[in-house]
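[1] Sharing a sequence plus its predicted fold:
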Amino acid sequence: MRAHFTFGTCALLLVAQASLALAQQDSLAARFRRQSTAAETRGLAEAFKGITTNGTLRTGLFGLRSTGVSTAPVVEAAKRFLAVLTPPQLSAASFPVDDPEWRKWMNQHFYVRQGVGFKDMSDAQREAALGLLAASLSAKGLKLTRDIMRLNHTLGELNNNNFVEYGEWLYWITVMGEPSESEPWGWQLDGHHVIINYFVLGDQVVMTPLFVGSEPVIAESGKYRGTAILQEEQNDGLAMLLALNESQRRAAVIEVSKTGNNNLTEAFRDNVVLDYAGVPVRSFSAAQKERLLRLVALFVNNMREGHARVRMAEVASHLDSTYFAWIGGSHADAVFYYRIHSPVILIEFDHQRPVNLRRLYGERPVRQHIHAVVRTPNGNDYGKDLLRQHYQRHPHPH
């Protein structure tokens, strides 16, 4: 009888523990939904306008034109992805091209996302989703994206194997509009530390807002030990500062102390008013300008090669209206923030305070937690200005 009682008691305890775990997960999910709804309510209260320096959009920067770079491979990859989805998945993943869903992204892991999650995909569906990324991004951009996803698994390992909140496949894809070589459409990848907004109109592509980062940035243990991201963007940013002369550096450094997070244009910050700051690039020598363009290219070259060339030409055409700003130190292992800002591009790179790894790294900004953001100021994030012009030429019911 005693053995029977012990077995029965153990079984009841196991059932109770399982029930408690499910209840805790349900409670966590409910809290995540509340946090997500609150973030969206605040973030979308104001209609999209775009990032400006003074609250007024600068017009005439972005035009409808042919780039000469085909988007057919991206269109075909998107069609293949949509074709392998089940009807419920297709419904969950599909939105109109001008839907507010574009603006519903967030870096934080708790955010409740729309679309189809990699975790819920079959092998064939996952292959097609990765095929869409491969067709849209450069080899560099695809590697960066996959490495960020892998480092999210590392974060789970470092949090007692918590793969409910962190993991390689906790990323979602949505498609806005219908993939077309002539009509506007696009797709979005959304998850912890990587968000890609990819708008397509004819052979034009806008790949902003783009958010990339990780905590940790370098996997020192676990399944993906040795994986590292954003090291070149970090090191070349510091090299850019050190390449300035004394007076240029004084102008560039807007704050010496780096004690917190400094990015200003992350999730739900589509309409930030941010004036130019730092050193004007028009004061740079030819060699310094080339160095800055190489730094910008580290971010832009996550796009397919042809469209990256188009984007870099656009950036270069506004080089003398560009500013480089810095917060933090300049020694070899310094933590810092830098910003590159022009009428057509805004890049922020920031060493952040630990969030999920405070027990390892403390409270101050560290090199093991990086956030980087790329934006298109003056109303063309998400390709919004191109879409506006397209609707002016070709009125659509929307």
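    Great, that's in hand.

[2] Count residues in the vicinity of L82, would you?
    The number of residues packed near L82 is 19, by other Cβ atoms under 10 Å. Every C-beta, even on glycine, is put in place using the N, C-alpha and C of the backbone.

[3] That one: which element?
    helix 72-83 (DSSP states H and E).

[4] could you give me the average pLDDT of that helix?
    In this model, helix 72-83 carries a mean pLDDT of 98.

[5] between the host helix or strand of M312 and helix 72-83, how big is the angle?
    Following DSSP H and E, one finds M312 within helix 305-317. For helix 305-317 against helix 72-83, the angle by axes from the mean of the first three to the mean of the last three Cα atoms, to 10 degrees is 120 degrees.

[6] who's in contact with helix 305-317?
    Contacts with helix 305-317, where a contact means Cβ atoms under 8 Å, 6 or more residues apart in numbering, come from 67-70, 138, 205, 207, 293, 296-297, 300-303, 322, 342, 344-345.

[7] what distance separates the next helix-or-strand element following that helix from the middle of the whole chain?
    Note on helix 305-317: by DSSP H and E, the next helix or strand toward the C-terminus is strand 323-328. Averaging C-alpha positions (Cα atoms, centre = their mean, to the nearest Å) puts strand 323-328 21 Å from its chain's average.

[8] what about the strands in the chain?
    94-95, 116-117, 171-176, 185-191, 194-201, 204-206, 210-214, 253-255, 279-280, 323-328, 336-341, 346-351, 370-375 (DSSP state E).

[9] Only alpha carbons, please: show the third one as CSV.
    Extracted C-alpha coordinates of strand 171-176, given in CSV (Å, rounded to 0.1, in the frame of the first residue of the first chain):
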residue,chain,number,x,y,z
TYR,A,171,10.8,34.8,-36.1
TRP,A,172,7.8,35.6,-38.2
ILE,A,173,7.2,36.6,-41.8
THR,A,174,4.4,38.7,-43.3
VAL,A,175,3.8,39.6,-46.9
MET,A,176,2.1,42.9,-47.8
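
[10] what pLDDT, on average, does it get?
    pLDDT averaged over strand 171-176 gives 98.

[11] The residue most central in space within the chain and R339: what is the separation?
    In the chain, the C-alpha nearest the mean C-alpha coordinate belongs to F211, at 1.8 Å (Cα atoms, centre = their mean). Using Cβ to Cβ, to the nearest Å, F211 is found at 15 Å from R339.

[12] hmm, back to that, buried members of the contacts of helix 305-317 into PyMOL, please.
    Selection of the buried residues among the contacts of helix 305-317 in PyMOL, burial being defined by 16 or more other Cβ atoms under 10 Å:
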select buried, resi 67+69+138+205+207+293+296+297+300+301+302+303+322+342+344+345
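
[13] Counting only helices, which of the contacts of helix 305-317 make the cut?
    Using DSSP state H, the subset of these located in helices is 293, 296-297, 300.

[14] What is the neighbour count of the nearest residue to F48 once chain neighbours are set aside?
    Sequence neighbours aside, D270 is the residue nearest to F48 in space, at 5.5 Å (criterion: Cβ to Cβ, 6 or more residues apart in numbering). Per other Cβ under 10 Å, the neighbour tally for D270 reads 22.

[15] So for I229, which of the strands of the chain sits nearest?
    Evaluated over the strands of the chain, closeness to I229 peaks at strand 210-214, with 5.7 Å, by Cβ to Cβ.

[16] measure stretch 273-289 end to end?
    26 Å (Cα to Cα, to the nearest Å).

[17] same check, this time on stretch 256-264
    18 Å.

[18] What are the contacting residues of that stretch?
    272, 274, 327-329, 334-337, 348, 350-353, 364-365, 371, 373.

[19] Tell me the buried residues within those residues.
    For those, buried by 16+ other Cβ under 10 Å: 272, 274, 327-329, 335-337, 348, 350-353, 365, 371, 373.

[20] Closest one of these to W105?
    Of these, the one sitting nearest to W105 (Cβ to Cβ) turns out to be V373, at 11.4 Å.

[21] Which residues are in contact with the nearest residue to that closest one once chain neighbours are set aside?
    Nearest non-adjacent residue to V373, counting by Cβ to Cβ, 6+ apart: E348, 4.7 Å away. With contact taken as Cβ under 8 Å, 6+ apart, E348 is in contact with 262-265, 337-339, 371-373.

[22] again, but for S91
    S91 touches nothing, counting by Cβ under 8 Å, 6+ apart.

[23] could you give the angle of the helix holding L82 to strand 194-201?
    Computed by the same axes, to 10 degrees, the angle between helix 72-83 and strand 194-201 is 110 degrees.

[24] What are the contacting residues of helix 72-83?
    Taking Cβ under 8 Å, 6+ apart as the rule, helix 72-83 contacts 90, 93-94, 125, 128-129, 131-132, 134-136, 173, 175, 179-181, 185, 187, 198, 200, 205, 304.

[25] just to revisit the earlier point, and the residue nearest to V373, what pLDDT?
    So E348 comes in at 99 (pLDDT).

[26] Can you tell me how far it is from Q288?
    In terms of Cβ to Cβ, E348 sits 20 Å off from Q288.

[27] where does the stretch 251-398 of the chain have low pLDDT?
    397-398 (pLDDT under 70).

[28] redo that, cut-off 50
    For the stretch 251-398 of the chain, no stretch is flagged by pLDDT under 50.

[29] Who are the contact partners of the closest residue to S36 other than its chain neighbours?
    The shortest distance from S36 to any non-neighbouring residue, by Cβ to Cβ, 6+ apart, is to V112 (4.2 Å). With contacts defined as Cβ under 8 Å, 6+ apart, V112 is in contact with 32-33, 36.

[30] for L142, same thing?
    Neighbours of L142 in contact, by Cβ under 8 Å, 6+ apart: 133-134.

[31] now R393
    Here R393 is in contact with L64 (Cβ under 8 Å, 6+ apart).
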